[in-house]
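**Student:** using only what follows, build the 3D model:
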Amino acid sequence: MRTHAKARVNAPVPAPPHSTAHASTHAGASRELQATRARDALVRAFERVIARPHDIVIGCAHGRVNLIGDHVDYAGGLVLPIATPETTSVALTAVRGHEDHFTSDFAGDLSWDRYARGVVAELRACGIDVPPIALAVASDVPVGAGLSSSAALEIAVARAALTLVGRTMSPPELALLAQRAEHVYAGVPCGIMDQWCVAHADPNAARHDAILLDCARKQHEVVALPATLRIEVIDSGIRHALRDGGYAARRRDVFEAAERLSRPVEELACASEREVASLPAQLARRARHVVTEVARVRAAVDALRGGDLVRFGQLLQESHASLRDDFDVSTPEVDRVVELAMARGALGARMTGGGFGGCVVVATAT
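**Tutor:** Sure, this is the predicted structure:
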């Protein structure tokens, strides 16, 4: 049986993963408990202003882990994410008065409400008549771990608000709205990968396939994982915040490299070795990562579809080396998790997400 598993540790020491892929009943019960927790928190915090206590709605969204293809989505590259079992639930209702109200169990990020407020503001800007609302959030998607806690929050808020007013949006529309909210209100110049993957993942499903997303064309296709492949996600315990500046700095380097080569950034991945070598040293390393990472994503999909797990593992290793050495977004703690995973027999392991901490994705054979 194919298993998509997770393992969380507070220090860079791999622990046996906890399997969740084949426990759909348990996953459904967990989501119900999480939704109840959010609903109870909403009533406790805002009972005095809630207009209609029986009209509380729930929006849910999964986190995601990127198997390969990091720091190329904002360059229009190819990425290979998959939804994770962890979810975010938002309880939302209309309130009396003219102000919105927010509460959450996001203990690790005091500015989380920027993302939620941004989504509500973008919905209103689109002409959707969202009344003054109160919302509460419950989530088991780790914050700052590279598993798209922000995108899960954004999509869950949007789904809840749309349900409240009886409106719908397609997954691509949801993804683009959430991306705008993150750009404008949270100040993170993210690519489209996180919101796209989360918006297209069925919030009621216990298991998902990977998707190969072309970030320039905003089109994706499903990539089924081989039955003998096991994916683990191991938390390094080191937290990041993409708005802190390192992410934006790498993005600026990528855009500057493309500009110096007189290429649209979406075509940077097509640059030749000679073009990359012509750039200043730091920009050359950034461009080399984009070129080689997009090629690795293509090769990874071919390996998965051909059942070549050894090759898939090698590509994960190459990706981590590129993110560490050319893109400078790994950390010693994350590198140590990768080393320990390989020492215990993994096919391959790599940092995942924006970097500067967070999680490692590990491939093993069953």
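**Student:** secondary structure class of Ala41, three-state.
**Tutor:** Here Ala41 is recorded as helix under DSSP: H, G, I helix; E, B strand; the rest coil.
**Student:** how many residues are close by it?
**Tutor:** 18 (other CB atoms under 10 Å). For the C-beta atoms, the positions are set from N, CA and C on the backbone; glycine is no exception.
**Student:** list the contacts of it.
**Tutor:** Neighbouring residues of Ala41 by CB atoms under 8 Å, 6 or more residues apart in numbering: Ala91, Thr103, Asp105, Ala136, Val137, Ala138.
**Student:** mind running it again at 7 Å?
**Tutor:** Taking CB atoms under 7 Å, 6 or more residues apart in numbering as the criterion, Ala41 is in contact with Thr103, Ala136, Ala138.
**Student:** can I get those in CSV with pLDDT?
**Tutor:** Below are the contacts of Ala41 laid out as CSV (pLDDT from 0 to 100):
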residue, pLDDT
Thr103, 95
Ala136, 97
Ala138, 96
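**Student:** show me what contacts Arg31?
**Tutor:** Contacts of Arg31 (CB under 7 Å, 6+ apart): Cys60, Thr87, Ser89.
**Student:** which residue of this protein lies farthest from its centroid?
**Tutor:** Arg48 (35.3 Å; CA atoms, centre = their mean).
**Student:** doesn't that one fall inside a strand?
**Tutor:** No - secondary structure assignment (three-state DSSP) places Arg48 in coil, not in a strand.
**Student:** and Gly108, what's its pLDDT?
**Tutor:** Note for Gly108: predicted pLDDT of 59.
**Student:** no wait, Pro189
**Tutor:** 89.
**Student:** that one touches Arg252, doesn't it?
**Tutor:** No - taking contacts as CB atoms under 7 Å, Pro189 lies outside contact range of Arg252: 8.8 Å.
**Student:** neighbour count winner among the two?
**Tutor:** The neighbour comparison of Pro189 against Arg252 (other CB under 10 Å) goes to Pro189, with 16 against 12.
**Student:** now do the more buried one against Gly245, distance only.
**Tutor:** 11 Å (CB to CB, to the nearest Å).
**Student:** can you check Val222 too?
**Tutor:** 35 Å.
**Student:** so where do the helices sit in the stretch 251-366 of the chain?
**Tutor:** Ranges of helices in the stretch 251-366 of the chain, per DSSP state H, counting those that start in this stretch, are 273-277, 281-306, 309-325, 332-343.
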